[in-house]
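Chemist: just the structure for this:
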Amino acid sequence: MRDERVTHAHARDIRLPGGAGTLALVTLDNGLDHTKPTTLGPAGIAELTATLRAQQTRAAAGEIVAVAVTGKPYFLAAGADLMQAGTITNRGEALEFARAGHAAYELLHTMGVPTFAFVNGVALGGGLELALNCDYRTAASDVRALALPETGLGLVPGWGGAYLVPRLVGIDKAIDVIFTRPAANKPYSATEAGSFGLVDVVLDPSDFLEESIRWAARVLSGEVVVERRPLDPAPLWDGASAATRQRLDAVVAGSRPAPGRALDLVAGSRGLDRAEAFAAEDEALADLIMSDEMRASVYAFGLVSGGKKPVGAPDRSLAQPVTRVGIVGAGLMAAQIATLFAQRLGVPVVMRDLDQERVEKGLAAVKATVDRLTSTGRIGQAAGARLLGSIHGTTDLAEFASCDLVIEAVTEILDLKKRVFAELETVIAPTAILATNTSALSVSAMAADLQHPERVVGLHFFNPVAAMPLVEVVQAEHTSLEALATGFAVAAKLRKTAVLVADRPGFVVNRLLVLLLGVIVDAVEHGTPVEVADRALRPLGLPMPPFELFDLVGPAVGLHVLTSLREDLGDRFPRSPGLEKLVADGTRVVLPAAAKGLPKPVDPAIQTVFDASVERTEAPLDEAGVLDSVLTALTVEVGHMLDEGVVATPQQIDLCMILGSGWGFHLGGLTPYLDRTGYAERVLGHRLLPDGVANVPVG
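Modeler: Numbers count the residues shown, from 1 in each chain. Now for the predicted structure:
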């Protein structure tokens with residue numbers, strides 16, 4: 001763990017316009033550039049407390065008429081320093097940390113003069129709660145990250161958020177702020193926050209501080225009056241809380257404690273006074289800081305934050321410049337890749353397919369994506385027009401001659417991909433890099449017959465391409481350092497996190513996910529009812545149940561990859577006659593969700609397909625038995641992957657599972673969960689990570 005990056009609280013006096021008096025402006029600044037976000041650890045909280053107490057003394061003496069808090073450029077504060085929270089060794093220390101935050105923020109409530117938060121940048125978690133504890137809030141219109149993400153990090157909004165937000169914006173919107181948005185990892189923009197009262201006024205960023213000071217003076221003079229809503233009635237409050245609990249039971253299913261504890265705080269806070277509610281928040285924070293789920297979340301947060309510096313990547317200076325990109329294929333994946341490259345790299349992109357009809361279909365998919373971006377305001381009309389104009393479709397192979405990078409995105413058939421590469425090598429420049437978007441096939445085999453196999457690298461994007469943050473960069477047998485460096489450089493420009501993987505079947509994500517699905521289906525083949533098997537992984541709190549994942553991937557694709565991995569890696573990847581029949585018949589495997597955001601249940605009608613597929617010779621497994629089979633199989637496979645050098649460390653497996661398959665931070669990816677549940681030691685004979693790295697230390 002790193003030392004605390006202490007956030008200092010600098011105070012200076014500002015003369016308010018119109019002779020309204022003096023405002024004490026407190027600026028939070030860790031003294032580092034924008035790449036090191038402002039966070040609040042024990043030392044920073046202590047300094048903030050001292051600074052605010054000094055202002056409280058001045059307020060009592062009549063020296064100042066108001067206090068405001070703002071931040072260094074781009075940040076108010078990105079929350080509590082999670083790395084420091086992860087070093088706390090006992091509950092007493094955790095409780096002290098929770099109380100210290102409340103004590104500092106309470107000074108903003110008891111200052112004796114009005115307090116303001118001038119939200120000039122990112123305000124997350126404890127950073128947003130700092131603003132919420134002030135009497136008034138301004139925000140710059142270019143701020144894009146206002147949120148309380150704690151329930152996704154194994155914590156609760158514990159420095160006032162659970163009590164203050166429902167009072168400020170109402171219980172229904174508070175549920176969105178505290179539960180719905182964190183689950184989707186979707187913070188609010190300042191404009192959104194202003195639309196429902198999370199901030200009071202949104203101001204132009206060009207002179208934000210000056211305008212905030214002028215606005216504060218108008219509030220102090222009575223020229224501006226900010227109305228506050230009354231407390232929601234008890235039936236509305238209780239009804240919203242009950243509905244949220246039902247939803248958490250369906251989605252979280254007891255897999256982690258933080259969302260339930262947060263709901264307890266929100267639901268119970270209506271009848272409490274401020275001190276009682278804050279004391280309850282302190283107790284919840286203390287419990288959760290000492291939970292394995294929170295420690296795994298801190299570990300996962302550190303992995304994702306550090307993922308911009310990929311392990312094993314060659315020196316960036318070896319990367320080839322990319323000024324024009326070619327995409328082989330014009331299907332759905334190809335169209336997504338083309339749009340992403342054109343938008344993020346800002347270079348011309350050409351998509352090529354065998355006939356004009358397919359080309360036109362691919363271009364139509366690009367246009368539909370761009371239309372969505374413009375209609376939702378994510379890009380302007382002019383930018384949308386430029387984006388469309390930079391993507392060209394063709395049937396002429398020769399148009400790849402001027403491309404620096406050509407990516408094949410055709411059907412997952414090895415011989416077809418080999419033919420594509422052989423054709424490309426006849427037209428592309430000697431320095432051009434060839435990439436494949438294969439999800440499981442051997443890149444080395446693809447390049448084996450080329451004159452220059454060293455120019456081939458794997459770039460495995462995940463669907464949907466724009467949203468999924470991971471790219472597996474595959475180093476084949478002959479991949480040159482230049483090709484590999486180009487792959488990493490491109491991923492960085494696309495704003496993706498790249499993980500170096502060896503050219504082994506399924507790489508990381510598909511190898512583990514398809515194994516998981518294969519074990520689930522195998523349990524059904526041997527008599528476990530489909531609904532029991534589909535519920536078995538609920539204790540993990542995965543993004544969706546296994547059969548819904550099958551439906552998302554596409555049963556045919558899942559079967560293809562399962563079969564391919566079985567051929568390469570053996571019987572650890574089971575054969576499924578039932579799945580083969582489902583795919584052959586095009587049978588639906590899940591039913592519609594009961595409501596938006598809820599899991600899609602498996603269709604019980606598919607039971608008859610599995611019942612007819614094999615002869616049962618063993619007793620069927622219950623939910624616990626299925627979960628045990630899955631975790632045992634995953635542990636075995638992780639052991640093989642590390643022995644094979646698929647990735648350099650267990651941490652890289654975890655990073656892939658978090659970013660490539662959406663596994664929750666509370667799991668820490670995969671290996672921390674296998675450690676803390678004892679599977680790693682029982683199956684492999686040793687832990688995968690040192691004790692205390694992603695769990696509360698056992699010793």
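
Chemist: residues contacting L40?
Modeler: Applying CB atoms under 8 Å, 6 or more residues apart in numbering, we find L40 in contact with 7, 48, 77, 79-81, 101, 126-127, 130. (C-beta placed from N, C-alpha, C; glycine too.)

Chemist: what about this structure, any weak spots by pLDDT?
Modeler: For the chain, the stretches with pLDDT under 70 are 1-2, 307, 614-617, 699.

Chemist: all helices of the stretch 451-600 of the chain, in order?
Modeler: Secondary structure of the stretch 451-600 of the chain (DSSP state H, counting those that start in this stretch): helices at 481-493, 509-525, 530-535, 546-553, 555-569, 577-585.

Chemist: can you tell me which of the ones you listed is most buried?
Modeler: Comparing those by mean neighbour count (mean count of other CB atoms under 10 Å), helix 509-525 ranks first with a mean of 25.

Chemist: packing partners for that helix?
Modeler: helix 530-535, helix 546-553, helix 555-569, helix 577-585, helix 607-611, helix 623-644, helix 650-661 (3 or more CB pairs under 8 Å, 6 or more residues apart in numbering; DSSP states H and E).

Chemist: ok, 7 Å please
Modeler: Under the contact criterion of 3 or more CB pairs under 7 Å, 6 or more residues apart in numbering; DSSP states H and E, helix 509-525 touches helix 530-535, helix 546-553, helix 555-569, helix 577-585, helix 623-644, helix 650-661.

Chemist: would you tell me which of those helices gets closest to F507?
Modeler: F507 lies closest to helix 650-661 among the helices and strands packed on helix 509-525, at 8.0 Å (CB to CB).

Chemist: CA atoms of the closest one as PDB?
Modeler: This file holds the C-alpha atoms of helix 650-661, laid out as PDB (Å, rounded to 0.1, in the frame of the first residue of the first chain):
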ATOM      1  CA  PRO A 650      -3.000 -13.800 -10.900                       C
ATOM      2  CA  GLN A 651      -3.700 -10.000 -10.800                       C
ATOM      3  CA  GLN A 652      -3.900 -10.000 -14.600                       C
ATOM      4  CA  ILE A 653      -6.600 -12.700 -14.500                       C
ATOM      5  CA  ASP A 654      -8.600 -10.600 -12.000                       C
ATOM      6  CA  LEU A 655      -8.200  -7.500 -14.200                       C
ATOM      7  CA  CYS A 656      -9.500  -9.400 -17.200                       C
ATOM      8  CA  MET A 657     -12.500 -10.800 -15.300                       C
ATOM      9  CA  ILE A 658     -13.500  -7.400 -13.900                       C
ATOM     10  CA  LEU A 659     -13.200  -5.500 -17.100                       C
ATOM     11  CA  GLY A 660     -13.900  -8.200 -19.700                       C
ATOM     12  CA  SER A 661     -16.900  -9.900 -18.000                       C
END
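
Chemist: so can I have a markdown table of the helices of the stretch 451-600 of the chain showing distance to L434?
Modeler: Converted to a markdown table, those look like this (distance: least, CB to CB, whole Å):
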| stretch | distance to L434 |
| --- | --- |
| helix 481-493 | 8 |
| helix 509-525 | 21 |
| helix 530-535 | 41 |
| helix 546-553 | 26 |
| helix 555-569 | 21 |
| helix 577-585 | 31 |
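
Chemist: S317: which of the ones you listed is closest?
Modeler: helix 481-493 (7.8 Å).

Chemist: give me the residues contacting the closest one.
Modeler: Helix 481-493 has contacts (CB atoms under 7 Å, 6 or more residues apart in numbering) with 310, 313-316, 318-320, 322, 344-345, 405, 433, 435, 454-457, 459, 471, 473, 475, 498.

Chemist: same thing but at 8 Å, please
Modeler: The list of residues contacting helix 481-493 from outside it, by CB under 8 Å, 6+ apart, reads 308, 310, 313-320, 322, 344-345, 405, 433, 435, 454-459, 471, 473, 475, 497-498, 500.

Chemist: what about it, distance to the chain center?
Modeler: On the basis of CA atoms, centre = their mean, to the nearest Å, helix 481-493 sits 23 Å off its chain's mean C-alpha point.

Chemist: do stretch 218-226 as well
Modeler: Relative to the mean C-alpha coordinate of its chain, stretch 218-226 is positioned 40 Å out (CA atoms, centre = their mean).

Chemist: before we move on, the earlier item: now the contacts of L40 in JSON lines, with distance to Y163 and secondary structure?
Modeler: Conversion of the contacts of L40 to JSON lines gives the following (distance: CB to CB, whole Å; DSSP: H, G, I helix; E, B strand; the rest coil):
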{"residue": "T7", "distance to Y163": "24", "secondary structure": "coil"}
{"residue": "L48", "distance to Y163": "20", "secondary structure": "helix"}
{"residue": "A77", "distance to Y163": "19", "secondary structure": "strand"}
{"residue": "G79", "distance to Y163": "17", "secondary structure": "coil"}
{"residue": "A80", "distance to Y163": "17", "secondary structure": "strand"}
{"residue": "D81", "distance to Y163": "22", "secondary structure": "coil"}
{"residue": "G101", "distance to Y163": "13", "secondary structure": "helix"}
{"residue": "G126", "distance to Y163": "14", "secondary structure": "helix"}
{"residue": "G127", "distance to Y163": "17", "secondary structure": "helix"}
{"residue": "L130", "distance to Y163": "14", "secondary structure": "helix"}
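
Chemist: closest to R575 among the residues you listed?
Modeler: When those are compared for distance to R575 (CB to CB), G79 comes out closest, at 48.1 Å.

Chemist: which ones are touching the residue most central in space within the chain?
Modeler: In the chain, the C-alpha nearest the mean C-alpha coordinate belongs to N185, at 5.9 Å (CA atoms, centre = their mean). Taking CB under 8 Å, 6+ apart, we find N185 in contact with 149, 152.

Chemist: which stretches of the stretch 51-200 of the chain form helices?
Modeler: Listed in chain order, the helices of the stretch 51-200 of the chain (DSSP H, counting those that start in this stretch) span 82-85, 91-109, 126-132, 161-169, 171-175, 181-184, 190-195.

Chemist: quick one: list the elements packing against the second one.
Modeler: Where contact means 3+ CB pairs under 8 Å, 6+ apart, helix 91-109 is packed against helix 42-60, helix 126-132, helix 274-289.

Chemist: could you check how far A103 is from M111?
Modeler: Taken as CB to CB, to the nearest Å, the spacing of A103 relative to M111 amounts to 13 Å.

Chemist: gap between the residue nearest to the centre of the chain and V69?
Modeler: Between N185 and V69 the computed distance is 26 Å (CB to CB).

Chemist: can you check V420 too?
Modeler: 58 Å.

Chemist: more neighbours: which of those two?
Modeler: A count of neighbours by other CB atoms under 10 Å puts V69 above the other of V420 and V69, at 27 against 21.

Chemist: contacts only, for the more buried one.
Modeler: Listed by CB under 8 Å, 6+ apart, the contact partners of V69 are 25-28, 76, 108, 115-118, 130-131, 134.

Chemist: G660: what's it in contact with?
Modeler: 462, 468, 470, 472, 508-509.

Chemist: sorry, back to before: looking at the helices of the stretch 51-200 of the chain, which is buried most?
Modeler: Among the helices of the stretch 51-200 of the chain, the stretch with the highest mean neighbour count (mean count of other CB under 10 Å) is helix 126-132, at a mean of 29.

Chemist: need the CA coordinates for it. PDB is fine.
Modeler: Presented in PDB, the C-alpha positions along helix 126-132 are these (Å, rounded to 0.1, in the frame of the first residue of the first chain):
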ATOM      1  CA  GLY A 126     -16.900  11.400   0.400                       C
ATOM      2  CA  GLY A 127     -16.100  14.300  -2.000                       C
ATOM      3  CA  LEU A 128     -19.800  14.600  -2.900                       C
ATOM      4  CA  GLU A 129     -20.800  14.200   0.700                       C
ATOM      5  CA  LEU A 130     -18.500  17.100   1.600                       C
ATOM      6  CA  ALA A 131     -20.600  19.200  -0.700                       C
ATOM      7  CA  LEU A 132     -23.900  17.800   0.600                       C
END
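
Chemist: how far is it from where the chain is centred?
Modeler: Distance of helix 126-132 from the chain centroid (CA atoms, centre = their mean) equals 22 Å.

Chemist: which residues does V519 contact?
Modeler: Taking CB under 8 Å, 6+ apart, we find V519 in contact with 574, 626, 629-630, 633.
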